[in-house]
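Asker: Sequence and predicted structure, then a few things I'm wondering about:
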Amino acid sequence: HTTTVNYTVSWTDTNGTDLFCDGVEGICDAWEAVAGTSKTGAVTVSSGDGIKWISLWVADKARNIGYTSGTITLDTTPPAVNITEKSKTENSITINIGATDTNGIQARYCQNPITQVWTLADATTGDCTIYGLADGTPYTILTHTYDNSGYVQAVNAPPITTIKKLTGSDLTKNENRPKGLSTNVLGDMYRFVGTKGEVNNYICFGTTSKCSETDDYMYRIIGITQDGQMKLIKNTSLKEAGVNLFQWDPYDSEIKWPDTMIFKRLNGLGGNTLGASGDTNLFINSTTSNVQYIKSSGTEEETKWYKKIDSSHSWYFTPNNSTFGTALELYEDERRNSTYKTEAAVGLMYISDFYYSIATDGIDSSNTTCINGSVCDESWLWLVNIEKGLSSDLWEATILRSNRFSDWTYGMAVIQGDFSHATHMPQSSTWSIRPTFYLLPNVAISYGSGTSTDPFIIAA
C-alpha cells in the first residue's frame, strides 16, 4: 500500500555469484556486490495506483546473468466507508457499513465495545450487529473494512445510545412522562386523563411485535401506582364465538363476585369452559377455534407474559349504599372496607377509574354533565371503547359497586352503551367486559411513544 516494495529472492549457481541488481519497469538501477545465494531488499515504484513491474538480476563469476520479474498492484487508496445506524434495542445495536473500493470489498467487521470481539458483517448488505449491551448507554463502535488487496480502513461509527428501558416509575418522571399522564397522584396512582387524542397510553401485551388498535394484544395504561405498577385494561372487549360479550351467571342476588363464573373464567379458577385451568383470559380471538390465553404454567416461553402480571393483586368489592359522587369520593368508597377484597391476577376497571379519566383535577370534573348523567362527548372519553352495533343494550361492566344489594352480592356499575354515563345495575348477560390487571413494578417498556400507531412495547 506504499511505493516501497520489499522482496526476497534466492538462486543457485555452480560457479558462485557476486553481483546483483534490482530495478523497476525493466531498468537496472546499479549493480552491487552480493555474497551467498539470496538477497533481501526493497525498490521504490512510481506513484499512482495500478500495476507495477519489478525486475531482479544476478550475475555469476563467469558473468552469466540470471533474471526474474513480477508485478504488484499498488493500492494507496483505502476503502471509502460510510457508517449509518440501522436499528437498536435496549441491548443491541445494528449498524450498516457501506463501503466501496476500486479493488472490491473483501470483508467488513464491527467490534463489540465491551468484549472487543469482532463480528463479521453481512457480505451483501453490510449490516453488523453487536449484542450484550446495556440499555440507555451510548456506545462508539469500531469498524474494519478490508478491500481485496488487503487494505484495511478503520472507522468509528458515530456514538449510538441503546434504547433505555423505562419502568412505570420512570414514566412518572417529568423527562419521560407520556402525554396525558397526570403530574400528581389521583386516588392511588398517576392517571391518564384527557380526550382520546390527548393520551399516549397504548401498549402491546402478549407480543413483542407492534400491534394495531383493534388487535387482541392492544391494551391501554389506566395509570401507574406510586410503586411503579402499570395498570392495564384491554383496548377492546373480549370476544367469544364472534360476539363482543362474555356469558354471565344467571341472575342470583346471593352470588358473590369471587364466586361468579366470569371472575373464575378471567382468572382460570374453574368454571372456565374455554381454557385450561390456570390460564388467564386476557385476550380471546373472535372464533373459539383460535383461542389465545396467557398461560400460568408450562415452559419458560409459554409463561413469560403471565410472570409479568401481579398475580396476587388485591381487588376490592365493597358494597355501596351511597349515590355517585366525585372521582375521589368513588375511589374512597370502593376501598373503605378491606374485608371485601380478594387476591387475583385479573379483574375489571373500577368505576372510579372511569371518573378519574374525566376528572382533570382528580376531585371534580370539568365535564360535570357526564358525571351527573347527561350525555358525554365520546371524543374525550378515552377509557370507553365499547364496540357498537352488536347489541342495543351492550354496556360495559366494571368492578362491583351496587346500591341494590348487600355484602358481596352480584350487582355492578356499568358504563352505558351510548357512552353517556355510569349507572348502577344488576348483572346482565349482555354486558361487555375488558380484563384489567397490574404489571409487576420491574416490568419495563423498551420503545414506542404510546400512540395507537406506535404503542409502547414491553421489554423482554
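Answerer: The structure has been received and is ready for your questions.

Asker: what's residue 69 in contact with, if anything?
Answerer: Residues in contact with residue 69 (CB atoms under 8 Å, 6 or more residues apart in numbering) are 26, 53, 54, 55, 56. Heads up, the C-betas are built off the backbone N, CA and C, glycines and all.

Asker: any weak-confidence spans in the stretch 101-250 of the chain?
Answerer: 239-250 (pLDDT under 70).

Asker: picking that back up, name the member of the contacts of residue 69 with the most neighbours.
Answerer: residue 56 (20 neighbours; other CB atoms under 10 Å).

Asker: wouldn't that residue be in contact with residue 21 here?
Answerer: Yes: applying CB atoms under 8 Å as the test, residue 56 and residue 21 come out as touching, 7.4 Å apart.

Asker: closest to residue 136 among the contacts of residue 69?
Answerer: residue 54 (56.0 Å; CB to CB).

Asker: returning to that earlier point: switch the contacts of residue 69 over to CSV; also include distance to residue 185.
Answerer: Shown next, in CSV, are these (distance: CB to CB, whole Å):
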residue, distance to residue 185
26, 89
53, 83
54, 82
55, 87
56, 87
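
Asker: So which of those residues belong to helices?
Answerer: The helices in this structure, assigned by DSSP state H, contain none of the contacts of residue 69.

Asker: quick one: residue 172 from residue 435, how far?
Answerer: The gap separating residue 172 from residue 435 is 24 Å, by CB to CB, to the nearest Å.

Asker: How much space separates residue 89 from residue 454?
Answerer: Where residue 454 is concerned, residue 89 sits at a distance of 16 Å (CB to CB).

Asker: likewise residue 227?
Answerer: Using CB to CB, residue 227 is found at 27 Å from residue 454.

Asker: The two: which is more packed in?
Answerer: Higher neighbour count among residue 227 and residue 454: residue 454, with 13 against 9, using other CB under 10 Å.

Asker: That one against residue 448, yeah?
Answerer: Yes: with contact defined as CB under 8 Å, residue 454 counts as touching residue 448 (5.3 Å).

Asker: all helices for the protein, in order.
Answerer: 168-171, 261-267, 300-303, 327-334, 351-356, 368-371.

Asker: Tell me which residues of the longest one come out buried.
Answerer: In this case it means helix 327-334. For helix 327-334, burial by neighbour count (16 or more other CB atoms under 10 Å) applies to 327, 328, 329, 330, 331, 333, 334.

Asker: relative to its centroid, which residue of the chain is most remote?
Answerer: What lies farthest from the middle of the chain is residue 62; by CA atoms, centre = their mean that is 81.6 Å.

Asker: quick one, what contacts that residue?
Answerer: Contacts of residue 62 (CB under 8 Å, 6+ apart): residue 15.

Asker: Quick check, pLDDT for it.
Answerer: On pLDDT, residue 62 comes in at 88.

Asker: Kindly provide the distance from it to residue 31.
Answerer: Distance from residue 62 to residue 31, by CB to CB: 15 Å.

Asker: How about residue 307?
Answerer: Distance from residue 307 to residue 31, by CB to CB: 84 Å.

Asker: Then residue 444?
Answerer: Applying CB to CB, the value for residue 444 to residue 31 is 78 Å.

Asker: more neighbours, the two?
Answerer: Between residue 444 and residue 31, residue 444 has the larger neighbour count (other CB under 10 Å), namely 23 against 14.

Asker: right, and the more buried one touches residue 458 too?
Answerer: Yes: applying CB under 8 Å, one finds residue 444 in contact with residue 458, separated by 7.3 Å.

Asker: and residue 194, what are its phi and psi?
Answerer: Dihedral angles of residue 194 (phi, psi; degrees, to the nearest 10) stand at phi 140, psi -170.

Asker: show me what contacts the closest residue to residue 445 other than its chain neighbours?
Answerer: Residue nearest to residue 445 in three dimensions, not counting chain neighbours: residue 456, with 4.3 Å by CB to CB, 6 or more residues apart in numbering. The contact partners of residue 456, by CB under 8 Å, 6+ apart, come to 202, 203, 204, 221, 445, 447, 448, 449, 450.

Asker: need the contact list for residue 347.
Answerer: Residues near residue 347 by CB under 8 Å, 6+ apart: 263, 266, 313, 315, 399, 435, 436, 437.

Asker: of all those, which comes closest to residue 111?
Answerer: residue 437 (43.2 Å).

Asker: and residue 142, how many neighbours?
Answerer: Counted with other CB under 10 Å, residues neighbouring residue 142 total 15.

Asker: Run through the bridge partners of it.
Answerer: Residues in a beta bridge with residue 142, per DSSP bridges, are residue 156.

Asker: how far away is it from residue 34?
Answerer: Distance, residue 142 to residue 34, using CB to CB: 45 Å.

Asker: Check residue 342 too.
Answerer: In this view, residue 342 and residue 34 are 100 Å apart by CB to CB.

Asker: What ranges does the stretch 251-400 of the chain have for its strands?
Answerer: For the stretch 251-400 of the chain, applying DSSP state E, counting those that start in this stretch gives strands covering 313-316, 341-344, 395-397.

Asker: Just name the most buried of those strands.
Answerer: Greatest average neighbour count among the strands of the stretch 251-400 of the chain goes to strand 395-397 (a mean of 23), per mean count of other CB atoms under 10 Å.
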